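S.K.: Any chance you could fold what I've pasted below:
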Amino acid sequence: MAVRDLTVTQDGLIFRARGGTDDLYSIWAAREGAIADCLRRLLKPGDVFVDAGANMGLFTVIAARLVGPAGRVYAFEMMADTAASLRRNVDLNGATNVVVIERALSDTAGRTIRATVPGVQWGAASIARVYDGAAQDVETTTLDHALSEISYVCLIKMDLEGAELAALRGAAMTLMRTGAVIFERQRDRGADETLEAFLRAQGMTVRALDKSNGFAAR
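M.R.: Next comes the predicted model:
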């Protein structure tokens, strides 16, 4: 955790981290190397990438460079302060092909729901879990609603702190035109099995990406 605001450069990318938060942890690229490698392997110029739970924008800006000016990145971040930081990091990296959507992803659009934060861990903000830290009312959307005009999504990265299954249920149509999904495992065998069964029912093959994330592809 940084005690003050910092500007961090890594791999040619620039990020502004907030002091007194877990932002430094969230933008530490080596921590999620398997995800970054997967983006580099799958994303090509002109592709569409969805960052569901974009946080500070680490994967948003990596993907923006990979898909290039002809591609698009749709970055979903529900917490207002974090979304502002996400936009700042997008701008710092000159990523004009990014659309930031300040909504919580769920299975229903247009609801107002409470999101809470565990202590200073803004990257763990959740609508599926209740914490004693900061709280904020957020509006929900679904991937089907937000991406209704997108003909094909190459890759979705989903890290929603327990709300992954609800978000996938709100993406039934989108998944039919999606190549692959990276999703955070919940360290709960029952929850993980339910989520993986849902993806298999959509015609996807599921495997482990690393110890923390799963990967589903057509």
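
S.K.: only C-alpha atoms for contact and neighbour calcs from this point on.
M.R.: Fine.

S.K.: Quick one: classify residue 183 as helix, strand or coil.
M.R.: With DSSP: H, G, I helix; E, B strand; the rest coil as the basis, the three-state label of residue 183 is strand.

S.K.: Isn't it up against residue 215?
M.R.: Yes: using C-alpha atoms under 8 Å, residue 183 is in contact with residue 215, at 6.4 Å.

S.K.: now the strands for this protein?
M.R.: All strands of the chain, identified by DSSP state E, fall at 6-10, 13-17, 48-52, 72-76, 98-101, 104-105, 112-116, 135-141, 153-158, 178-184, 205-208, 213-217.

S.K.: The shortest one pairs with which strands?
M.R.: Sheet pairing for strand 104-105, assigned by DSSP bridges, gives strand 135-141 (parallel).

S.K.: How about residues contacting the strand it pairs with?
M.R.: 78-79, 103-117 (C-alpha atoms under 8 Å, 6 or more residues apart in numbering).

S.K.: Which residue ranges of the protein form helices?
M.R.: Here the chain has its helices, by DSSP state H, at 23-26, 33-42, 58-67, 80-92, 143-146, 164-169, 172-176, 189-201.

S.K.: for those helices, which one sits closest to residue 125?
M.R.: helix 80-92 (9.9 Å; C-alpha to C-alpha).

S.K.: ok, and which of the strands of the chain has the densest surroundings?
M.R.: Among those, ranked by average contacts under mean count of other C-alpha atoms under 10 Å, first place goes to strand 104-105 (a mean of 30).

S.K.: so where is this structure shaky, pLDDT-wise?
M.R.: Within the chain, no stretch falls below the threshold (pLDDT under 70).

S.K.: returning to what we had before: any chance of the strands of the chain in TSV, plus distance to residue 125?
M.R.: Shown next, in TSV, are the strands of the chain (distance: least, C-alpha to C-alpha, whole Å):
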stretch	distance to residue 125
strand 6-10	21
strand 13-17	16
strand 48-52	13
strand 72-76	13
strand 98-101	16
strand 104-105	10
strand 112-116	5
strand 135-141	9
strand 153-158	14
strand 178-184	14
strand 205-208	24
strand 213-217	18
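
S.K.: Nearest approach to residue 84 belongs to which of those?
M.R.: Among the strands of the chain, if distance is taken as C-alpha to C-alpha, the winner is strand 98-101, at 9.5 Å.

S.K.: Which strands border the closest one, and is each parallel or antiparallel?
M.R.: Applying DSSP bridges, one finds strand 98-101 paired with strand 72-76 (parallel).

S.K.: Now do the contacts for residue 162.
M.R.: 126-129, 186.

S.K.: and those residues, which are buried?
M.R.: 126-128, 186 (16 or more other C-alpha atoms under 10 Å).

S.K.: tell me which of those is nearest to residue 208?
M.R.: Comparing the buried ones among the contacts of residue 162 against residue 208 with C-alpha to C-alpha places residue 186 closest, at 12.7 Å.

S.K.: and that closest one, how far is that from residue 196?
M.R.: Using C-alpha to C-alpha, to the nearest Å, residue 186 is found at 11 Å from residue 196.
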